[in-house]
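Engineer: quick one, fold the following:
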Amino acid sequence: MPTKFWGFSVLFFMINLVGSAQVLKVDTLNNTGNFFKTRQLQSDEDLRIKEIHDELEKALKDINDQFAGSIYFGLNGQEVKRDNFFVINTGISLSNGVYPFKFELNSGILAQIQNGSFSETVSNVSISFDYNFSDKNLSKQSYVFLNGTNNSYLGIDQRYEIGGGFILNYYSGNRSRKVENLKSRAIDERNESGLTEEGVQKLMALNGGNHSFNSEDRFLKAQLEKLQVQGEGKDREEVSILLRKRRRVVNTLIKNFSSTRLSFLAGLNYELEKTADSLELFDGDQKRNRNFTATNRYRLVLRPGLDWRGENFSFSSKYYIKTGVFEEFYNRVDDGINSDKRLDYWTEWITSFRFNFTQKIGVSITYTLFYDNAPNRAFFNVSTTGGSNFRLFSAENKFKAILLSFTYGL
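Structural biologist: Numbering: from 1, shown residues only. Model prediction:
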């Protein structure tokens, strides 16, 4: 990929990393320290507020101290006396953020090594930054992203996309807000929370392990009303900060540990694409080559998605539909006599399953299916007698990949 793109990618990455760091810096509890100094923990209420503060501080530190993510690696090889051929796939996935922000970086490469010669066949780098609109509702979310990819099977030398949009979500973990006591309920009833067991344990730790799930919120709200009556505005402001930060940490845990997530994305991308030099075009068994100029266009993006996870597995399936917009719904090629007009859209279905043998080590399988309804194409005269016999030749428009990889959680 070109130096300019990598420079832009690094710049975009650093901007978002700095933004994430600032978010994490804001989401600390330094501003609530004066509450405990001025009141000197004289009452049971003050002691309980201090307990809530300490548990929340531990949860924030746990979230802030590490990126969630994994690295993966897979190898397939064949060798005979005078020939050898290996296929390597490797990549990394990272994410971090405290609600309502989340930063994600994904990168992967599929390469071939034939008789010692290395060639990159498919690669992808994706950076995104998400923002939820409300502390009380996880269903509405916005995003911006930058993506760069190449695919030699489809003749794509460089494709860059930048865009943004909105996502509607359903997190099963939202049901946990209605569970009064996660600790004492039977396992079947705890499963009604919509969280994995790890998520239940983290919420229990946030709640001190002994209180009902909603008791801290009710208690802090009662203290806010009490402080308002007493006219202690500064202390009330600090307790209000504590309540708001607690809600954000709870939302972070619900997003990270919900057993099921349903989502629907709608956005607008700006796409730049350059095909390989002397792109191969096909009509049955016949082949021709042609150079195409680079293109740039806007695309509407729609994507339903399903994520499902348990204690030792995770499943994800996402289906992207990208169409032309702004009078670019159709793609047409002609040679002055012959013409071919098609709806300009492409789809991509990405499904993955991961099974964890331990907390960090696992195996994953990913299936990708790509289809382009209007690939690069051109008319060629295939007559062998000097007459006119124009046929339409098209670039490859389908790509399938099944990757089996070993994964290591970070």
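Engineer: could you pull out the strands in the stretch 201-350 of the chain for me?
Structural biologist: Using DSSP state E, counting those that start in this stretch, the strands of the stretch 201-350 of the chain run over residues 260-275, 279-283, 286-290, 295-309, 313-324, 330-334, 339-343, 345-356.
Engineer: can you convert those strands into TSV and add a column each for mean neighbour count?
Structural biologist: No exception for glycine: its C-beta is placed from N, CA and C like everyone else's. Output for the strands of the stretch 201-350 of the chain, formatted as TSV (neighbours: other CB atoms under 10 Å):
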stretch	mean neighbour count
strand 260-275	16
strand 279-283	17
strand 286-290	13
strand 295-309	16
strand 313-324	16
strand 330-334	14
strand 339-343	13
strand 345-356	16
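Engineer: relative to K102, which of those strands is closest?
Structural biologist: Nearest of the strands of the stretch 201-350 of the chain to K102, taken as CB to CB: strand 260-275 at 13.0 Å.
Engineer: so where's the stretch 251-400 of the chain shaky on pLDDT?
Structural biologist: When residues are selected by pLDDT under 70, none of them lie in the stretch 251-400 of the chain.
Engineer: run through the bridge partners of N151.
Structural biologist: V122, I156 (DSSP bridges).
Engineer: which residues sit in contact with it?
Structural biologist: Applying CB atoms under 8 Å, 6 or more residues apart in numbering to N151 gives the contacts T121, V122, R159, F370, F399.
Engineer: any idea which element the spatially most central residue of the chain lies in?
Structural biologist: With distances taken as CA atoms, centre = their mean, E104 lies nearest the centre of the chain, 6.0 Å away. Take DSSP states H and E as the rule and E104 turns out to sit in strand 101-114.
Engineer: pLDDT of that strand, averaged?
Structural biologist: Strand 101-114 carries an average pLDDT of 82.
Engineer: what distance separates that strand from the centre of its chain?
Structural biologist: The chain centre lies 12 Å from the centre of strand 101-114; the measure is CA atoms, centre = their mean, to the nearest Å.
Engineer: could you give me the buried positions within that strand?
Structural biologist: By 16 or more other CB atoms under 10 Å, the buried positions in strand 101-114 come out as F101, K102, F103, E104, L105, N106, S107, G108, L110.
Engineer: dump the C-alpha coordinates for stretch 349-369 into CSV.
Structural biologist: Backbone C-alpha positions of stretch 349-369 (Å, rounded to 0.1, in the frame of the first residue of the first chain) are rendered in CSV as follows:
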residue,chain,number,x,y,z
TRP,A,349,-20.8,-11.6,4.2
ILE,A,350,-18.3,-12.2,7.1
THR,A,351,-19.0,-14.9,9.6
SER,A,352,-16.6,-16.1,12.3
PHE,A,353,-16.6,-18.5,15.1
ARG,A,354,-14.0,-18.7,17.9
PHE,A,355,-13.6,-21.3,20.6
ASN,A,356,-11.3,-20.7,23.6
PHE,A,357,-9.4,-23.6,25.2
THR,A,358,-8.1,-21.3,27.9
GLN,A,359,-8.8,-17.7,28.8
LYS,A,360,-6.2,-16.6,26.2
ILE,A,361,-5.6,-19.4,23.7
GLY,A,362,-8.2,-20.5,21.2
VAL,A,363,-9.0,-21.4,17.6
SER,A,364,-11.1,-19.5,15.1
ILE,A,365,-12.6,-20.1,11.7
THR,A,366,-13.7,-17.2,9.4
TYR,A,367,-15.8,-17.4,6.2
THR,A,368,-15.9,-14.5,3.8
LEU,A,369,-18.1,-14.2,0.7
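Engineer: my guess is Y320 meets L369, correct?
Structural biologist: No. Contact between Y320 and L369 fails when scored by CB atoms under 8 Å: they sit 10.6 Å apart.
Engineer: what about the strands in the stretch 51-200 of the chain?
Structural biologist: For the stretch 51-200 of the chain, strands defined by DSSP E, counting those that start in this stretch occupy the ranges 68-79, 84-96, 101-114, 117-132, 140-151, 156-171.
Engineer: export these as TSV, with columns for distance to L343.
Structural biologist: As requested, these are exported to TSV (distance: least, CB to CB, whole Å):
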stretch	distance to L343
strand 68-79	35
strand 84-96	32
strand 101-114	29
strand 117-132	25
strand 140-151	21
strand 156-171	19
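Engineer: what's the closest of those to N338?
Structural biologist: Of all the strands of the stretch 51-200 of the chain, strand 156-171 comes closest under CB to CB, at 25.5 Å.
Engineer: check which helices and strands that closest one is in contact with.
Structural biologist: With contacts defined as 3 or more CB pairs under 8 Å, 6 or more residues apart in numbering; DSSP states H and E, the packing partners of strand 156-171 are strand 140-151, strand 260-275, strand 295-309.
Engineer: nearest to L60, of these?
Structural biologist: Nearest to L60 among the helices and strands packed on strand 156-171 is strand 140-151; the distance by CB to CB comes to 21.2 Å.
Engineer: run the angle between that closest one and strand 156-171 for me.
Structural biologist: Computed by axes from the mean of the first three to the mean of the last three CA atoms, to 10 degrees, the angle separating strand 140-151 from strand 156-171 equals 160 degrees.
Engineer: ok and strand 140-151 relative to strand 117-132, angle-wise?
Structural biologist: 170 degrees.
Engineer: wait, doesn't L220 sit right on V239?
Structural biologist: Yes. Using CB under 8 Å, L220 makes contact with V239 at a distance of 6.1 Å.
Engineer: quick check: neighbours shared by these two?
Structural biologist: Here L220 and V239 have I49 as joint contacts, going by CB under 8 Å, 6+ apart.
Engineer: how many residues are close by L243?
Structural biologist: Per other CB atoms under 10 Å, the neighbour tally for L243 reads 20.
Engineer: tell me if I'm right that it and K221 touch.
Structural biologist: Yes. The pair L243 / K221 is scored as a contact, 7.1 Å apart, by CB under 8 Å.
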